[in-house]
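got a structure for you, letters missing:
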């Protein structure tokens, strides 16, 4: 039943938990590109298990190669993994860089921002050493921002003259820093 429902969609479908999380940059990119889409949000459940039974009861019936959240269905295309979804949407809108140099810069930024994200996650989810890790992170933050600034240089965007999809991640990630203060 669920597999059939995914096959008759008239517009792309994004499925994720009922939180911002790692689907937020995908939503941002869809809005930025003017892509009309539907969204299926799954409830997470109560602590401490957070068992999202709605998702877990159907995840293997959707025809996804690697059943996971977020997922994105666009016609016959069925993707999981947030970066794969972002790249798919970005390629549809020529937001992955035009020249080989721009493409390399997009790839570099995507991974640099992911490192930045994991550094912050390590701070936010470490209750034992939170204060120490937080202070180190905030002390090193100006150097990280300087690295981004130098990489940007005189370009209007990290990849060159056209905004690449990789700028979606820094926009989302930079908002999290305020939670450390």
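Sure thing, it's come through. Predicted model, so just to flag it, every value in this text is computed and none were measured. Numbering: from 1, shown residues only.

now stretch 23-39: buried residues?
The neighbour-count criterion (16 or more other CB atoms under 10 Å) identifies 23, 24, 25, 26, 27, 28, 29, 30, 32, 37 as the buried residues of stretch 23-39. (C-beta placed from N, C-alpha, C; glycine too.)

residue 39 sits in which helix or strand?
Using DSSP states H and E, residue 39 falls within strand 38-42.

show me what that strand is packed against.
Counting contacts by 3 or more CB pairs under 8 Å, 6 or more residues apart in numbering; DSSP states H and E, strand 38-42 is packed against strand 13-17.

ok, of the buried residues of stretch 23-39, which one's closest to residue 101?
Proximity of the buried residues of stretch 23-39 to residue 101 (CB to CB) peaks at residue 29, which lies at 22.2 Å.

does the closest one sit in a helix, a strand or a coil?
Classification of residue 29 by DSSP: H, G, I helix; E, B strand; the rest coil places it in helix.

any idea of the pLDDT on it?
At residue 29, the model reports a pLDDT of 94.

from residue 57, how far off is residue 105?
Counting by CB to CB, to the nearest Å, the gap from residue 105 to residue 57 is 42 Å.

please, where are all the helices along this protein?
For the chain, the helices defined by DSSP state H occupy 2-7, 24-32, 53-56, 82-92, 100-124, 130-152, 168-177.

can you redo these as CSV with distance to residue 62?
Formatted as CSV, the helices of the chain follow (distance: least, CB to CB, whole Å):
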stretch, distance to residue 62
helix 2-7, 6
helix 24-32, 17
helix 53-56, 10
helix 82-92, 14
helix 100-124, 26
helix 130-152, 37
helix 168-177, 25
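
rewinding a little: angle of the strand holding residue 39 against strand 13-17?
Angle, strand 38-42 to strand 13-17, by axes from the mean of the first three to the mean of the last three CA atoms, to 10 degrees: 20 degrees.

okay, now the sheet partners of strand 38-42, with direction.
strand 13-17 (parallel) (DSSP bridges).

now the strand it pairs with: average pLDDT?
The predicted model assigns strand 13-17 a mean pLDDT of 96.

what angle separates the strand holding residue 39 from helix 24-32?
Going by the same axes, to 10 degrees, strand 38-42 is angled at 160 degrees with respect to helix 24-32.

for strand 38-42, what is the distance to the chain centroid?
Here strand 38-42 is found 16 Å from its chain centre; the criterion is CA atoms, centre = their mean, to the nearest Å.
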